[in-house]
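Q: build the 3D model from these lines:
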Amino acid sequence: MKPLKIGLVQQSCVKNTTENIKKSCQKICQAAAQGAELVVLPELHSSHYFCQTEDITNFNLAERIPGKTTQRFSELAKKLGIVLVISLFEKRAAGLYHNTAIVLEKDGSIAGTYRKMHVPDDPGYHEKFYFTPGDLGFNPINTSVGKLGILICWDQWYPEAARMMALAGAEIIIYPTAIGYDPRDDVLEQQRQLSAWMTVQQGHAIANGLPIISVNRIGFETDPSQTTPGIDFWGSSFVAGPQGEILGQASAKEEELLSVDIDLNQSEKVRQIWPFFRDRRIDQYQELLKRFRD
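A: Sure thing, here's the model as predicted:
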């Protein structure tokens with residue numbers, strides 16, 4: 001099996017949806033021109049990160065699947081002959097919305113969707129106001145380039161999510177992401193946060209013996225409510241191999257198209273020398289179903 005070339009689109013986003021989509025399409029075309037068979041966009045790439053404030057007018061950003069944006073990217077995936085992972089604010093029904101990733105096959109069809117399972121509510125990240133937790137489970141999506149385990153941003157902190165995807169046969173775990181610094185944090189705190197973010201995902205790669213792709217947005221976005229000083233998205237999109245090794249990493253400051261080759265054969269080799277799945281004590285894990293062991 002030849003290496004799989006992937007393209008990670010690390011982009012900044014503004015309030016103008018048309019401008020964001022145009023930029024994404026340009027980067028996708030560049031990735032395909034460089035030979036990418038799989039291209040991944042960041043979380044909620046069609047709009048600014050509206051979750052910094054609770055504002056019901058932001059529900060107007062939500063759309064159906066399939067819909068106008070899905071159709072635009074479907075046509076592009078078909079034209080370029082690539083598998084494409086996009087992310088949008090899904091309107092499922094009146095008053096029911098999800099943070100959803102869509103995988104588009106090389107023929108433009110929808111291979112599958114994933115709805116964000118873990119939904120945060122932190123200063124500057126008021127996602128529970130907008131998103132209903134996902135109900136599609138942790139199920140990899142079958143594509144022509146492999147079985148893709150799609151998770152979204154806050155999901156990346158949970159080892160259970162990566163494990164569930166791996167146990168269901170995912171060959172790659174993909175995290176479309178929107179995460180950044182609070183500008184009030186000092187440099188050391190910023191470094192600790194970035195290091196933790198990378199380390200936990202590298203740990204998922206190691207524990208499950210498979211590569212991970214993490215695609216973040218970049219740039220500063222203000223808080224419309226002025227409750228916080230905004231978010232400085234830290235970029236640093238990266239790909240890690242099945243032993244946690246960094247195969248490629250983007251800038252922490254600039255928009256970038258990162259091109260990386262992944263050897264999917266490596267996962268089996270690593271799992272043969274580190275047989276973590278074989279040695280799991282599944283007979284002793286019942287307590288994991290509790291919120292806390294009092």
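Q: next, the buried residues of stretch 133-150.
A: Within stretch 133-150, the residues scored as buried using 16 or more other CB atoms under 10 Å are 134, 138-141, 143, 145-150. Placement of C-beta: from N, CA and C, glycine included.
Q: let me know how buried the closest residue to residue 55 other than its chain neighbours is, in neighbour terms.
A: Spatial nearest neighbour of residue 55, chain neighbours left out: residue 224 (7.1 Å); criterion: CB to CB, 6 or more residues apart in numbering. Here the count is done by other CB atoms under 10 Å, and residue 224 has 14 residues near it.
Q: and residue 224, its phi and psi?
A: Main-chain torsions, residue 224, degrees, to the nearest 10: phi -60, psi -30.
Q: mind listing which of the buried residues of stretch 133-150 are in strands?
A: 141, 143, 146-150 (DSSP state E).
Q: of all residues in this protein, which one is nearest the centre?
A: Among the residues of the chain, the one closest to the centroid is residue 176, at 1.6 Å (CA atoms, centre = their mean).
Q: so whichever strand or helix holds it versus strand 146-150, what angle?
A: Secondary structure assigned from DSSP states H and E places residue 176 in strand 172-177. Angle, strand 172-177 to strand 146-150, by axes from the mean of the first three to the mean of the last three CA atoms, to 10 degrees: 40 degrees.
Q: roughly how far is strand 172-177 from the heart of the chain?
A: 4 Å (CA atoms, centre = their mean, to the nearest Å).
Q: can you give me the helices in the stretch 151-294 of the chain?
A: 159-167, 187-208, 265-273, 276-279 (DSSP state H, counting those that start in this stretch).
Q: which secondary structure element of this structure has the lowest mean pLDDT?
A: strand 121-122 (a mean of 92; mean pLDDT, DSSP states H and E).
Q: for the biggest strand by length in the chain, packing partners?
A: In the chain, taking DSSP E as the definition, the longest strand is strand 83-93. Helices and strands touching strand 83-93, by 3 or more CB pairs under 8 Å, 6 or more residues apart in numbering; DSSP states H and E, are strand 38-40, helix 68-80, strand 96-104, strand 146-150, strand 172-177.
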